[in-house]
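J.: Need coordinates for the below:
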Amino acid sequence: MKKVCLKKINVFILLILAFSFLNSEPFISFEKVEHNFGNIKEEEGSVEYDFIFSNTGDKPLKLIDVETSWGCTVPGWSTGIIKPSQKGFIKVLFLPEDRAGKFCKTITITSNAKNDVAVLKVIGNIIPDPTKFRAEIGDLKLISKNFDLKNILDSEIRFDTLHVQNSGTESLKISFAKLPKHLIMKAVPKILQPSEFGEIIISLKASKKKDYGYFTDIIIIKTSSKSRKKNGKIIVFGTILEDFSLLSQKDLIAASIIKFDEIIFNIGRILKGNKKRFSLNFSNFGKDILIIRKIEAIPAFTIISFDEETKPGQSGQIELEFKAFGSERQVRYPITIISNDPINSYSTLFVEASIINENSENQIIQEIALNDVLNLIRNNSSNENFIILDVRTYDEFIKGHIPKAINIDFYSGNFEKNLLKLPKSKIYLIYCKKGIRSRSAAEIMVYNYFQFVFNFSGGIDEWEKKSLPLQQWSLLKVKPCERSRNDRSK
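T.: Numbering: from 1, shown residues only. Got it, this is the predicted structure:
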């Protein structure tokens, strides 16, 4: 009996050993798979790093191939057999010459390991060589054709320098076409001898620019070069900020305060190629006059008019026009309003729109005012196929909503998914605060073949102005959607 047991045990052990042998493989494990070189100065040349790895498997490891993306080389790696528990290396060399800015390069390693393909990464930021000439105007070589002055206070005078060289065989005179009042530019020396180095010096007085936000000045530079391209352009750009540093605590308390009715404005569906006007409303909650300095937007927007000054306690308006272009899609564009509010001098709002083609305009949303809303509710009081849909946020909904309404939050991540779960054959009255979000919701519904969609254009604001009844969360014993379903069944 003992012999039989021993034989069974031996067979079992042999099976385990055989299974382990068949499943034993090399495994490549790196100490790190990403290295950040940080800031690299182009003029200092190449940088390198050794990635260290180990064979954490049970059989010998062998690297088969190492490939890199453009700009990287691998001058060396462990070419021999790496036994279990032993280490190897892969040396990565990065060449920053004639490159600038951030980079991300990959190194792909193929081996006989169980994880036969491994990917390493090197990242960093290349600072261009400030003495390297990368542009030219005739025989004049320049480091760049741009002066990037970055952020400048409106009380500041900013200086900058651009290095140049005469690459021709004759003397070269440098001059500038008519300069704006806020700019002073001069070449030192005015005449460059062959192969001589020089500088273009710029001085910008921000207070004379009389502008805020991002600006661009294009300056014409003239040379006496015999080349056909003897004249060229230099671009000066930056962002002018209002200097609030001298304001006392008392001044800050007495300053203007800008607040917008909404941060995200949805202007609904627009037929491709058409234009649509809309208004952004704001109020001055401060104690001083609110001044709108500038409005920045992409070329798709035209600024029609705006209230430049708004007294304390009063409201203002910005009227814009949007032109729909491109393919059928949902868009969201930022609009920046620069004001004299010291705490919030830059206000960024977002305008959303649905650009559609002609064949998407088959169905029509019925816009109705308060009287028609009341009639619609009254005529469908016992109709189980009539649904009142509130698309405000949950917090807005529980504070007070039209009786029997259900809630789907327009700003929730799964709004459209939940909306499209609703039956398409029923009658829908949709509302929000002012009719903007509900209009967008209605557009989604008609686009997806809902048959009867009414948008309450005045929203809950108009409802409350007439002191009409509201249903509140505190009066409910169940969740809003559950109560709404029960109410509709009555």
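
J.: show me the contacts for residue 247.
T.: Contacts of residue 247 were listed using C-beta atoms under 8 Å, 6 or more residues apart in numbering, and they are 255, 342. Every C-beta, even on glycine, is put in place using the N, C-alpha and C of the backbone.

J.: Next: residue 459.
T.: Residue 459 neighbours (C-beta under 8 Å, 6+ apart): 431, 432, 433, 434, 435, 436, 438.

J.: Find the helix or strand that residue 330 is a member of.
T.: Taking DSSP states H and E as the definition, residue 330 sits inside strand 329-339.

J.: which strands and helices sit next to that strand?
T.: strand 275-284, strand 290-296, strand 346-356 (3 or more C-beta pairs under 8 Å, 6 or more residues apart in numbering; DSSP states H and E).

J.: Can you name the element that comes right after the second one?
T.: Right, strand 290-296. Past strand 290-296, the next helix or strand by DSSP H and E is strand 301-306.

J.: quick one on the thing from earlier: TSV for the helices and strands packed on strand 329-339, including distance to residue 267, mean neighbour count and mean pLDDT?
T.: TSV is the format used below for the helices and strands packed on strand 329-339 (distance: least, C-beta to C-beta, whole Å; neighbours: other C-beta atoms under 10 Å; pLDDT from 0 to 100):
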stretch	distance to residue 267	mean neighbour count	mean pLDDT
strand 275-284	5	17	94
strand 290-296	16	19	96
strand 346-356	5	18	88
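
J.: Of all these, which one is nearest residue 142?
T.: Of all the helices and strands packed on strand 329-339, it is strand 290-296 that lies closest to residue 142, at 29.2 Å by C-beta to C-beta.

J.: list the helices and strands the closest one packs on?
T.: strand 213-223, strand 301-306, strand 309-310, strand 315-323, strand 329-339.

J.: Out of those strands, which gets nearest to residue 195?
T.: strand 213-223 (15.3 Å).

J.: Residues in contact with that closest one: which ones?
T.: With C-beta under 8 Å, 6+ apart as the test, strand 213-223 has contacts from 137-140, 172-177, 179-180, 183, 185, 200, 209, 230-240, 293-294, 296, 336, 338.

J.: same thing but 7 Å
T.: 137-140, 172-177, 179-180, 183, 185, 209, 230-240, 294, 296, 338 (C-beta atoms under 7 Å, 6 or more residues apart in numbering).

J.: ChimeraX command for the buried members of these?
T.: Buried subset of the contacts of strand 213-223, written as a ChimeraX selection, criterion 16 or more other C-beta atoms under 10 Å:
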select :137,138,139,140,172,174,176,183,185,209,230,232,234,236,238,240,294,296,338
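
J.: Narrow the contacts of strand 213-223 to those in strands?
T.: Among the contacts of strand 213-223, DSSP state E puts 137, 140, 172-176, 183, 185, 231-240, 294, 296, 338 in strands.

J.: how much space between the residue lying closest to residue 211 once chain neighbours are set aside and residue 282?
T.: Spatial nearest neighbour of residue 211, chain neighbours left out: residue 240 (5.8 Å); criterion: C-beta to C-beta, 6 or more residues apart in numbering. Note on residue 240: its distance to residue 282, by C-beta to C-beta, to the nearest Å, is 22 Å.

J.: ok, now residue 328?
T.: In terms of C-beta to C-beta, residue 328 sits 32 Å off from residue 282.

J.: in a helix, that's where residue 437 is, yeah?
T.: Yes. Per DSSP: H, G, I helix; E, B strand; the rest coil, residue 437 lies within a helix segment.

J.: Excluding chain neighbours, what is closest to it?
T.: Closest to residue 437 by C-beta to C-beta, 6+ apart is residue 410, at 4.3 Å.

J.: was I right about that neighbour contacting residue 441?
T.: Yes. Using C-beta atoms under 7 Å, residue 410 makes contact with residue 441 at a distance of 6.0 Å.

J.: ok, these two, which is more surrounded?
T.: Between residue 410 and residue 441, counted using other C-beta atoms under 10 Å, the more crowded position is residue 441 (24 against 21).

J.: show me what contacts that one?
T.: Shown in contact with residue 441 (C-beta under 7 Å, 6+ apart): 391, 410, 419, 430.

J.: can you tell me which of those are in helices?
T.: residue 419 (DSSP state H).

J.: From the contacts of residue 441, list the buried ones, please.
T.: Buried among the contacts of residue 441 (16+ other C-beta under 10 Å): 391, 410, 419, 430.

J.: Closest one of the residues you listed to residue 196?
T.: Out of the buried ones among the contacts of residue 441, the member with the shortest distance to residue 196 (by C-beta to C-beta) is residue 410, at 65.7 Å.

J.: what sits against that closest one?
T.: Contacts of residue 410 (C-beta under 7 Å, 6+ apart): 391, 432, 437, 440, 441.

J.: Please apply the same query to residue 76.
T.: residue 91.

J.: Give the bridge partners for it, please.
T.: With DSSP bridges applied, residue 76 shows beta-bridge pairing to residue 91.

J.: what's the answer for residue 124, then?
T.: residue 103.
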